[in-house]
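K.L.:
Attaching a predicted model along with its sequence, questions to come.
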Amino acid sequence: MKIKEILQSEGNEQKIHVKGWVRTRRGSKHVSFIALNDGSTINSIQVVAEASDFDEELVKQITTGSCISVSGKLVASKGSGQAVEILAKTIEILGGADADEYPLQPKKHSLEFLREKAHLRFRTNTFSAVFRLRHALTFAVHKFFNDKGFFNLHTPIITGTDAEGAGEIFQVTNLDLENLPKNEEGKIDFSADFFGSKTNLTVSGQLEAELGALALGQVYTFGPTFRAENSNTSRHLSEFWMIEPEVAFADLNENMDLAEEFLKYCIQYCIENNAEDLQFLDARMEEEESKLKKEERSEMGLLERLQFVIENNFVRLTYREAIDVLRNSKPNKKKKFQYPINGFGDDLQSEHERYLVEKKYKKPVIITDYPKGIKAFYMRMNEDNETVRAMDILFPTIGEIVGGSQREERLDKLQERMEEMDVCQKELWWYLETRKFGTCTHSGFGLGFERLIMFVTGMKNIRDVIPFPRTPQNAEF
Ligand code: ATP
Ligand code: MN
């Protein structure tokens, strides 16, 4: 039986068989109390082993980290702290864990230490809670879109395009790097490469998702995304998961409505289905924050913050309005921003995003209509010819969580922008054909899945919400 199920049962002396990993063993000469966890829930079951029933050598092997199989009966607990416990009749050691060598001691370890032990960190309360929530969020994403009649589209992981045009790509090749084939001009001959052309890992499935939307109506992708940004921040991974819905006939306002509804749905889903994990993480965050200076602590606890986001409308303002607010803000006037805001055209840095979300509005904020110069070629041009129909959603403690736009559906305007931004039209001939044949208004966005998990779990480093993080200089496990 799974421990989750056992803990919901009454202790009527019924026979029980359970397997799991030992969190702790304490007790006396006469009796041992084993906290056993099998990953099905944050809670462990207490196993009581009377010394008279067991071989002393066997009991010694029941150490933190070992894997055991227990048979016995479920009874109402005599101690406080749990309603039921298992009176063990037989215990089998499935896999021992040498107490001197096992890296996870029954005490609090730092997250940095646990990152180096990523193969074992699932066995801690914190990480098991995080990864159960990661699963719940995955499920919520699919449920949300499925219930709305979207189709999940698997877009390619290996591609020849760089959708964002930022050039932060990982090349994919099977050429012999020691002995590269060269053409007549002395350049690398990619026609000799595996795919007959230069390829890379995808930075976004959007362009392909658009093709799907312009036939299936509403699609979404949910897949791995790769960016070779050399930014060692707590919010960037080299390999992360992105959710990208794309909707035919939707304009920017409908796109924002969808994104807001979607984010609230995912959070609500976790509140309803993962209450125990969230309560644990809420308490964890409170404890972590109590170590901080008063001015660095957040105003809300984790659960309070999640509830707050669900209950409040996101603030929507244009980039021009945001720049005005920032230019006249206290930190800007007092030169407290690392990047001062001078006016139109300035890119918003995370310090500005956090000011708007955490200080000024104290709510999630959606900023729209950015200058064309700081956004991708596919975003729809506004009448002013200076701004595009982009939208970024900014979240407290996270900063940018969603980036999206209404797409440029007019062939001539799209070609004009590609020319200006030096995007190769020949390579994207298939993308352009959707504008040539049966084009229509459409919109979509990209949600960084790990950033959503960070928000829901309160984890402050993105490396702690993906099982095996890939970051510059690190691809272990
Ligand atoms: P940022 O400014 O934070 O680098 P971006 O503008 O490069 O983000 P987009 O290209 O709009 O991001 O990607 C869509 C979403 O993907 C972002 O809103 C964010 O949630 C997420 N994202 C982008 N880059 C990363 C990354 N390196 N690691 C994790 N998530 C990311
Ligand atoms: Mn980026």
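P.N.:
In hand now; what should we look at? Ligands and ions are numbered 1, 2, ... in the order given.
K.L.:
what about the helix or strand of the chain with the lowest mean pLDDT, near ligand 1?
P.N.:
Taking mean pLDDT, DSSP states H and E as the measure, the helices and strands of the chain show their lowest mean at helix 350-354, namely a mean of 92. No - Helix 350-354 does not reach ligand 1 (Cβ under 6 Å from any ligand atom); its nearest approach is 7.4 Å. Every residue, glycine included, has its C-beta placed from N, CA and C.
K.L.:
Show me what that helix is packed up against.
P.N.:
On a contact count with 3 or more Cβ pairs under 8 Å, 6 or more residues apart in numbering; DSSP states H and E, helix 350-354 meets strand 399-406.
K.L.:
in its sheet, what does the strand it packs on sit against?
P.N.:
Sheet pairing of strand 399-406 (DSSP bridges) gives strand 387-395 (antiparallel), strand 442-448 (antiparallel).
K.L.:
and the angle for the helix or strand following that strand with strand 387-395?
P.N.:
Following strand 399-406 in sequence order, the next helix or strand is helix 411-420 (DSSP states H and E). Calculated by axes from the mean of the first three to the mean of the last three Cα atoms, to 10 degrees, helix 411-420 forms an angle of 80 degrees with strand 387-395.
K.L.:
one step back: turn the strands paired with strand 399-406 into CSV, columns for distance to ligand 1.
P.N.:
Shown next, in CSV, are the strands paired with strand 399-406 (distance: least, Cβ to the nearest ligand atom, whole Å):
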stretch, distance to ligand 1
strand 387-395, 7
strand 442-448, 2
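K.L.:
which one of those lies closest to residue 172?
P.N.:
With Cβ to Cβ as the measure, strand 442-448 is the member of the strands paired with strand 399-406 nearest residue 172 (21.2 Å).
K.L.:
Off-centre distance for the following helix or strand past the closest one?
P.N.:
Counting by DSSP H and E, the next helix or strand C-terminal to strand 442-448 is helix 449-457. Distance, stretch centre to chain centre, for helix 449-457: 5 Å (Cα atoms, centre = their mean, to the nearest Å).
K.L.:
i'd like the first residue to be 7 from this point on
P.N.:
Shifting the count to begin at 7 puts that one at helix 455-463.
K.L.:
Show me what the mean pLDDT comes to for helix 455-463.
P.N.:
Averaging pLDDT along helix 455-463 gives 98.
K.L.:
which residues touch that helix?
P.N.:
Contacts of helix 455-463 with the rest of the structure, by Cβ atoms under 8 Å, 6 or more residues apart in numbering, involve 135-136, 139-140, 143-144, 147, 228, 241, 243, 246-249, 269, 272-273, 276, 284, 287, 308, 312, 401-404, 406-407, 465-466, 468, 471-472.
K.L.:
Give me the buried stretch members for it, please.
P.N.:
455, 456, 457, 458, 459, 460, 461, 462, 463 (16 or more other Cβ atoms under 10 Å).
K.L.:
quick one: which of these is nearest ligand 1?
P.N.:
Lowest distance from ligand 1 to the buried residues of helix 455-463 (Cβ to the nearest ligand atom) belongs to residue 457, with 4.3 Å.
K.L.:
Pop the domain breakdown of the protein in here.
P.N.:
Following automatic domain parsing, one gets these domains for the chain: 9-113, 129-174+209-320+369-470.
K.L.:
What's the end-to-end length of the first one?
P.N.:
To tie it back to what came earlier, the one meant is domain 9-113. For domain 9-113, the first-to-last residue distance is 22 Å (Cα to Cα, to the nearest Å).
K.L.:
What mean pLDDT does that domain get?
P.N.:
On average, domain 9-113 scores 95.
K.L.:
Can you tell me which residues in the stretch 307-456 of the chain are near ligand 1?
P.N.:
Residues of the stretch 307-456 of the chain lying near ligand 1 (Cβ under 6 Å from any ligand atom): 406, 407, 408, 409, 452, 454, 456.
K.L.:
Put together TSV for those, with distance to residue 130 on each row.
P.N.:
Shown next, in TSV, are those (distance: Cβ to Cβ, whole Å):
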residue	distance to residue 130
406	29
407	26
408	30
409	33
452	31
454	24
456	19
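K.L.:
Weed out the non-buried ones from those.
P.N.:
Using 16+ other Cβ under 10 Å, the buried ones in these are 406, 407, 408, 409, 452, 454, 456.
K.L.:
Distance-wise, check the last one relative to residue 472.
P.N.:
As defined by Cβ to Cβ, to the nearest Å, residue 456 lies at a distance of 5 Å from residue 472.
K.L.:
Which residues are in contact with each of those two?
P.N.:
Shared contacts of residue 456 and residue 472, defined by Cβ under 8 Å, 6+ apart, are found at 243, 246, 247.
K.L.:
Can you pick out the ones from these that are in helices?
P.N.:
Assigned to helices by DSSP state H, none of the shared contacts of residue 456 and residue 472 qualify.
K.L.:
quick one: which of the residues you listed is most hemmed in?
P.N.:
The most crowded member of these, judged by other Cβ atoms under 10 Å, is residue 243 (22 neighbours).
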